[in-house]
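J.: Okay, predicted coordinates and the sequence, questions at the end:
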Amino acid sequence: MFKRRAKQLKQLCQMQFRAAALRVALILLCSSGAATSEPFDAGCMVAETSPEPAVTRSVLNELIGWIALRTDYDVSAVYRDPPEIVFCHVGEIVEYEAEGLLVDEILAAAYDLTKRRIYLVEPWSAEDSFDLSVLLHELIHAVQLDNRDWPCTGAPEWEAYMLQSVWLRYQGIVADFDWNTIYRLSKCPTGTGN
Ligand SMILES: [Zn+2]
């Protein structure tokens, strides 16, 4: 429970951990969750063993459809061309917004806007509602950033966590988020308009 709680509280998204990112070039062991198993172009290599959990198109459609129903955002771009899904493991360093991002044990997911890529940290399972909500959270970021400009990188977080918690509630799960921390995360520095 502690581990999962830590994951919920510190679910990494967007660029919040950029300051902590290590600019170290390493060979990564990431792999794409897409139907094909071709290596993606970030210098990562497909893991040779241990099959990755797949994110099917129907799972994506369901989550994107839910965002469409619950928000006024135009989801058509994300629906037509969903972000690439890449799985990574704790201890790896992934390419993130042209920098290196250390995947630490409290990182659950991240969305790289530049590459339109969602990183999901294993273990992750489409059978697990909370894991699905983590994917939903990152898809929300993809939609948010497609639809409007935001005054600072943390600004989309409040809405993303709120929607995630609503989705979880529909699954019968009460999100144990630390709303004070999320509020601070979402608050832009003075003078940035939020
Ligand atoms: Zn987020």
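T.: Nice, I can see it.

J.: which SS state does V59 fall under?
T.: Secondary structure, DSSP: H, G, I helix; E, B strand; the rest coil: V59 is helix.

J.: my bad, should have said Y119
T.: Relying on three-state DSSP, one would call Y119 strand.

J.: Check what pLDDT it gets.
T.: In this model, Y119 is scored at 96, pLDDT.

J.: On the three-state scheme, the spatially closest residue to it that is not a sequence neighbour is what?
T.: Leaving aside its sequence neighbours, Y119 sits nearest to A110 (Cβ to Cβ, 6 or more residues apart in numbering; 4.5 Å). In short, each C-beta sits where N, CA and C put it, glycine included. Put simply, A110 is strand when judged by three-state DSSP.

J.: Am I right that A110 is in contact with L102?
T.: No - contact criterion Cβ atoms under 8 Å: A110 and L102 do not qualify, at 11.0 Å.

J.: quick one: D176 from the ion, how far?
T.: 16 Å (Cβ to the ion, to the nearest Å).

J.: actually R70, sorry about that
T.: Where the ion is concerned, R70 sits at a distance of 16 Å (Cβ to the ion).

J.: go on, L168?
T.: 14 Å.

J.: burial measure for that residue, as a count.
T.: 20 (other Cβ atoms under 10 Å).

J.: Touching, it and V174? I think so.
T.: Yes - between L168 and V174 there is a contact at 7.3 Å, judged by Cβ under 8 Å.

J.: what's the overlap in contacts for those two?
T.: By Cβ atoms under 8 Å, 6 or more residues apart in numbering, L168 and V174 have no common neighbours.

J.: ok, the closest residue to L163 other than its chain neighbours - contacts?
T.: Among residues not flanking L163 along the chain, I140 sits closest, at 5.5 Å (Cβ to Cβ, 6+ apart). Applying Cβ under 8 Å, 6+ apart, we find I140 in contact with 67, 156, 159-160, 163-164.
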